[in-house]
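Asker: Fold the following.
(chains A and B)
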Amino acid sequence: KAGVTQTPRYLIKTRGQQVTLSCSPISGHRSVSWYQQTPGQGLQFLFEYFSETQRNKGNFPGRFSGRQFSNSRSEMNVSTLELGDSALYLCASSLDGRSTDTQYFGPGTRLTVL
Amino acid sequence: DQQVKQNSPSLSVQEGRISILNCDYTNSMFDYFLWYKKYPAEGPTFLISISSIKDKNEDGRFTVFLNKSAKHLSLHIVPSQPGDSAVYFCAASAWGGSEKLVFGKGTKLTVNP
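Answerer: So this is what the prediction gives:
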């Protein structure tokens, strides 16, 4: 069974631009969560999608948004990029998104904002 | 306000010895705890979990202990192997919680041959 895939793996953008990251979950998984990893803050939860609906949201500004498609694939969008958005963005999938479901992570997208 | 804390950024042990990684939490609503291992350039990999109704869970060389009264959990690796060298993240979740997994900042474990 293929794991969680994320594209692109690396991205360089400049301040003010916007970016879209993509995540394909493990086949059969319906919940997709996004996390931001930075050296200073560790992994922080962005949001979770289940059946095309945002079910949970972390404490990030509205510039961070996402969506989920009917095939459970998910995209994350960051508008008006800031230098502080440079981070590793991780996507994780699980069967139903219950708190006891194991989340399986993708390799991440390394975003650099110049 | 960090709800999950891993106070040791790094730990170095000799191959064959025990590695003990610690984690503290502040939110009493957390009822499920996990450990993830992360190698460079890869996403975190699930290692072991424990529910708040238990105080110990074992899987091969890995054992997680939970002390609810102290809001503390630890991961024991016995015996430690060089391939265990990675960053270990402690994570917690609460049933119905809106924040899903809350992670600590990680502890970098180095196992020396």
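
Asker: Next one, pLDDT for whichever residue of chain A sits closest to chain B please.
Answerer: Chain B sits closest to A:Phe105 of chain A, with a gap of 3.2 Å, by CB to the nearest CB. Using the backbone N, CA and C atoms, a C-beta is placed for each residue, glycine as well. On pLDDT, A:Phe105 comes in at 94.

Asker: name the element the nearest residue to it once chain neighbours are set aside belongs to?
Answerer: Excluding its sequence neighbours, the residue lying closest to A:Phe105 (CB to CB, 6 or more residues apart in numbering or on different chains) is B:Gly43, at 3.2 Å. For B:Gly43, there is no enclosing helix or strand under DSSP states H and E.

Asker: ok now do B:Gly43, which residues does it touch?
Answerer: The contact partners of B:Gly43, by CB atoms under 8 Å, 6 or more residues apart in numbering or on different chains, come to A:Val4, A:Leu90, A:Ala92, A:Phe105, A:Gly106, A:Pro107, A:Gly108.

Asker: and what of A:Thr53?
Answerer: Neighbouring residues of A:Thr53 by CB under 8 Å, 6+ apart: A:Gln68.

Asker: quick one: the strands in the chain?
Answerer: You didn't pick a chain, so chain A it is. Applying DSSP state E to chain A gives strands spanning A:5-7, A:10-13, A:19-24, A:31-38, A:42-50, A:53-57, A:64-68, A:74-78, A:87-94, A:104-105, A:109-113.

Asker: Hmm, no, I was thinking of chain B.
Answerer: Along chain B, counting by DSSP E, strands occupy B:4-5, B:10-14, B:19-25, B:32-38, B:45-51, B:56-59, B:62-67, B:72-77, B:86-93, B:102-103, B:107-112.

Asker: mind giving me CSV with those strands and columns for distance to chain A and mean neighbour count?
Answerer: Converted to CSV, the strands of chain B look like this (distance: least, CB to the nearest CB, whole Å; neighbours: other CB atoms under 10 Å in any protein chain shown):
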stretch, distance to chain A, mean neighbour count
strand B:4-5, 9, 20
strand B:10-14, 13, 13
strand B:19-25, 12, 21
strand B:32-38, 5, 23
strand B:45-51, 5, 16
strand B:56-59, 13, 12
strand B:62-67, 14, 18
strand B:72-77, 16, 19
strand B:86-93, 4, 24
strand B:102-103, 4, 23
strand B:107-112, 11, 17
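
Asker: Quick check: the two most widely separated of the contacts of B:Gly43?
Answerer: Spanning the widest gap among those are A:Ala92 and A:Pro107, at 11.4 Å by CB to CB.

Asker: Tell me how many other residues surround A:Ser31.
Answerer: Counted with other CB atoms under 10 Å in any protein chain shown, residues neighbouring A:Ser31 total 24.

Asker: contacting residues for the closest residue in space to it that isn't next to it in sequence?
Answerer: Distances taken as CB to CB, 6+ apart place A:Gly97 nearest to A:Ser31, at 2.9 Å, with adjacent residues excluded. When contacts are counted by CB under 8 Å, 6+ apart, A:Gly97 touches A:Arg30, A:Ser31, A:Ser33, A:Glu48, A:Phe50, A:Arg55, B:Lys100.

Asker: can you redo the strands of chain B as JSON lines with mean pLDDT and distance to A:Thr20?
Answerer: Listed next are the strands of chain B as JSON lines, based on pLDDT from 0 to 100; distance: least, CB to CB, whole Å:
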{"stretch": "strand B:4-5", "mean pLDDT": "94", "distance to A:Thr20": "30"}
{"stretch": "strand B:10-14", "mean pLDDT": "97", "distance to A:Thr20": "35"}
{"stretch": "strand B:19-25", "mean pLDDT": "97", "distance to A:Thr20": "34"}
{"stretch": "strand B:32-38", "mean pLDDT": "93", "distance to A:Thr20": "25"}
{"stretch": "strand B:45-51", "mean pLDDT": "93", "distance to A:Thr20": "26"}
{"stretch": "strand B:56-59", "mean pLDDT": "96", "distance to A:Thr20": "38"}
{"stretch": "strand B:62-67", "mean pLDDT": "98", "distance to A:Thr20": "37"}
{"stretch": "strand B:72-77", "mean pLDDT": "98", "distance to A:Thr20": "36"}
{"stretch": "strand B:86-93", "mean pLDDT": "94", "distance to A:Thr20": "27"}
{"stretch": "strand B:102-103", "mean pLDDT": "90", "distance to A:Thr20": "24"}
{"stretch": "strand B:107-112", "mean pLDDT": "97", "distance to A:Thr20": "32"}
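
Asker: Lovely, talk soon.
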